[in-house]
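Colleague: task: produce atomic coordinates for the following.
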Amino acid sequence: MRLGYAYVVADIFHVGHLVHLKNCKRMCDILLVGVLTDFAASEKKPSPIIPFEERLLIVSSLRCVDAAVTQEAYSPLSNIHDIKPEILFESSSHKNPCINPYGRTIIMPYYLGQTSTAIKEKIIREWQND
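Modeller: Modelled structure (predicted):
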């Protein structure tokens with residue numbers, strides 16, 4: 001059984017999140033997904049709009065996700081040391097991807113235009129134009 005670990009903020013969940021997690025699941029038998037807390041997300045991104053508990057519930061409800069766990073820091077290393085997955089899924093958008101000391105790190109493609117930030121900016125533009 002290949003255990004995989006991916007992590008997301010999942011603020012304003014969109015098709016890019018879904019495709020990413022489905023692709024991760026195709027490469028492992030069990031997929032655990034870390035959902036970054038508001039504090040962890042704000043280390044590198046704007047603070048999420050959707051509360052952490054709701055984001056965790058959304059991710060844990062996906063068929064392709066076997067379990068969702070809390071990720072307290074932007075770096076997944078703490079969870080990686082606790083979980084010891086055979087595969088760590090990283091995004092090609094990360095400048096310094098984490099290396100999995102317990103197995104492989106697979107760099108997954110980033111879905112351009114499919115970001116929560118882009119969606120938020122579009123909503124603001126549309127709202128300002130009304």
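
Colleague: can you pull out the helices in the protein?
Modeller: For the chain, applying DSSP state H gives helices covering 15-26, 38-41, 52-60, 77-83, 116-129.

Colleague: what's the closest of the ones you listed to F89?
Modeller: F89 sits nearest to helix 15-26 of all the helices of the chain, at 4.6 Å, using Cβ to Cβ. (Glycine included, C-beta is placed from N, CA and C.)

Colleague: residues of the closest one that come out buried?
Modeller: In terms of neighbour count (16 or more other Cβ atoms under 10 Å), helix 15-26 has its buried residues at G16, H17, H20, L21, C24, K25.

Colleague: kindly report the same for stretch 25-43.
Modeller: K25, C28, L31, L32, V33, G34, V35, L36, T37, A40, A41.

Colleague: now render the helices of the chain as CSV, adding mean pLDDT and distance to K95.
Modeller: Putting the helices of the chain into CSV (pLDDT from 0 to 100; distance: least, Cβ to Cβ, whole Å) gives the following:
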stretch, mean pLDDT, distance to K95
helix 15-26, 94, 18
helix 38-41, 96, 16
helix 52-60, 97, 23
helix 77-83, 97, 16
helix 116-129, 70, 16
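
Colleague: export the ones you listed to TSV and tack on distance to H94?
Modeller: As requested, the helices of the chain are exported to TSV (distance: least, Cβ to Cβ, whole Å):
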stretch	distance to H94
helix 15-26	13
helix 38-41	14
helix 52-60	18
helix 77-83	13
helix 116-129	15
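
Colleague: between the ones you listed, which gets nearest to M108?
Modeller: helix 15-26 (6.0 Å).

Colleague: kindly export the closest one (C-alpha atoms) in CSV.
Modeller: Provided in CSV are the C-alpha atoms of helix 15-26 (Å, rounded to 0.1, in the frame of the first residue of the first chain):
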residue,chain,number,x,y,z
VAL,A,15,-11.5,22.7,-10.1
GLY,A,16,-7.7,23.2,-9.9
HIS,A,17,-7.8,21.7,-6.3
LEU,A,18,-10.0,18.9,-7.4
VAL,A,19,-7.8,17.9,-10.4
HIS,A,20,-4.7,18.1,-8.3
LEU,A,21,-6.0,15.9,-5.6
LYS,A,22,-7.5,13.4,-8.1
ASN,A,23,-4.2,13.1,-9.9
CYS,A,24,-2.4,12.6,-6.5
LYS,A,25,-4.8,9.8,-5.6
ARG,A,26,-4.1,8.0,-8.9
